[in-house]
Every structure is written in C-alpha cells, then in structure tokens.
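Visitor: Structure, please.
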Amino acid sequence: MSREDTPTPHIGGKYDDVAKGILVCGDPLRARHMAENYLTNAVCYSEIRGMYGYTGDYRGKRVSVQGHGMGIPSIGIYSYELFHFYDVERIVRVGTCGTFSEDVKLGSVLIAMGACTDSNFADKYHLPGTYAPIADFGLLRSAVETAERLGIPYSVGNILSSDSFYDAPDQTDWARVGVLGVEMEASGLYLNAAMAGRKALTILSVTDNLVTGERMKVEQRQKGLDDMCRIGLEII
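Guide: As a prediction, this is how the structure comes out:
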C-alpha cells in the first residue's frame, strides 16, 4: 500500500498524520480524554463515524490515540487500516474487562499475554489449524516493567475475546483453564498484527468480577482507566 491510499474509509487522516506507535480504545471519548490530558500539541486527524483520532507528543515522542468501536469486526477494520495503509508499527489497545478470577482485583491492570476467542474471525485466513493469538513479547515485557516502576497492580495471563456481551460465557469453564478475564477485541488485534508482521498488546482495566459479582465504583474507574493509559503511553 502507499500513502495515496489514505485517508481510508474509516480513518480521516493522511498518511503522515498518524504516528508509528498508537494507542487504540473502544470508546472514542477515551481517545479524546488521553489526547486532552496526556498529549501536548495534540491535533485531531479524524472524526469519521465519531471515532476520534489524535496525534501529539508524549514526553518527547510522537504518539497517536484512536477509537476503534466494539467487537472484533470493528477493531479488525481499524487495525487493518492502521497496519496496512498507515504503516503503523505498534498498536496497544487499552480497554476494560471482567475477570474470571477471585485473585484479580478490581481496579488493577490485566496485561493480555494471549487471547482465546469464541469468534470465527480467523477463519477468513484459512489457516490449516487453530491459531493461538498472542501479544508481542517486547511490548508485554515493557508493560510489566512499567507497571512495576509506577507501582500499578497488575496481572499477566490469557484472556477471552468474546463476541457476546450480555450472554456472558460460563466463567467456570474458562477459569478452569487459567483464563483470567473477558473482553471483546484483543484476539482480532493480535491476529491482524501477526498477519501484518507488526506488534500489538492489550492492556485492560479490571472493572467487574464475574465470580463475586463485584463492580468497580464510579470514583474508582477513572484512576483504573488512567493506570492502563499511563502504561500504554510509556511503552508505545
């Protein structure tokens, strides 16, 4: 692909408007929050479909932040365009999740080493078996080191990217095989990164415990969400 292929149908920026390292999030307002609170000289390069994209500076490095919507089909579109049309090298997704483990605390950060799924997104690639989507190890190691340096509680492990939100998967079955939490996008992101030969990681804020029924309080959410964003911005 070439810079003449941008803007794309879903991202309004020109080729040079997007940095090589980008944080993506389901909620476009979270992208705006990061741009307004963490980036300097931030410029909005896209508002298509209300999915805000910004590029600015974070501690001397050029960084972009971009909304991607909900679910694997949606992040599949945005990550494909970013990797293939904008030549983005690193995508870090920051989002929220529920946990299947009583040991994973609300408000902590869950760093997704691998991503199981109940989606058939990988079928389009016609691989001769079952693909196991995993994060880039360099990004994962940097995220762990950054969480420890900043004193942010974290867990590392396997998660589930589910196509269902309200019909939640049975946590007993997934917990038995060591899956720590559930969200809706990481598996698609990791697969697209692998197919493009690029790097990806998902960092999640734990907002709900699906075993105990606990939910993060409103006043806790902002700090928890900011923790994952701080890690992501440090490593991107």
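Visitor: where does the residue nearest the centre of the chain land in three-state SS?
Guide: For the chain, the residue nearest the mean C-alpha position is R93 (1.7 Å; Cα atoms, centre = their mean). Recorded secondary structure, R93: strand (DSSP: H, G, I helix; E, B strand; the rest coil).
Visitor: Name the nearest residue to it, ignoring sequence neighbours.
Guide: Closest residue to R93 apart from its sequence neighbours, by Cβ to Cβ, 6 or more residues apart in numbering: T202 at 4.4 Å. For the C-beta atoms, the positions are set from N, CA and C on the backbone; glycine is no exception.
Visitor: What helix or strand is that neighbour located in?
Guide: strand 199-209 (DSSP states H and E).
Visitor: Ok, A193 next?
Guide: Taking DSSP H and E as the definition, A193 sits inside helix 186-196.
Visitor: And stretch 149-161, what's buried?
Guide: 152, 154-156, 158-161 (16 or more other Cβ atoms under 10 Å).
Visitor: Can you show me the strands along this protein?
Guide: Ranges of strands within the chain are 21-25, 40-46, 53-58, 61-67, 90-99, 109-117, 154-161, 179-183, 199-209, based on DSSP state E.
Visitor: in this structure, what spans have low per-residue confidence?
Guide: Counting by pLDDT under 70, the low-confidence segments of the chain come to 1-2, 168-169, 219-224.
Visitor: Is C44 bridged to anything, and to what?
Guide: Following DSSP bridges, C44 is listed with bridge partners Y54.
Visitor: from what I can see L189 touches A200, true?
Guide: Yes. The pair L189 / A200 is scored as a contact, 5.1 Å apart, by Cβ atoms under 8 Å.
Visitor: what touches both of those two?
Guide: Common neighbours of L189 and A200, counting by Cβ atoms under 8 Å, 6 or more residues apart in numbering, are 79, 91, 93.
Visitor: what residues are up against the closest residue to the first one other than its chain neighbours?
Guide: Leaving aside its chain neighbours, S79 sits nearest to N192 (4.5 Å; criterion: Cβ to Cβ, 6+ apart). The neighbours of N192, taking Cβ under 8 Å, 6+ apart as the test, are 76, 79-80, 83, 200.
Visitor: What of Y190?
Guide: Listed by Cβ under 8 Å, 6+ apart, the contact set of Y190 reads 114-115, 133-135, 200, 202.
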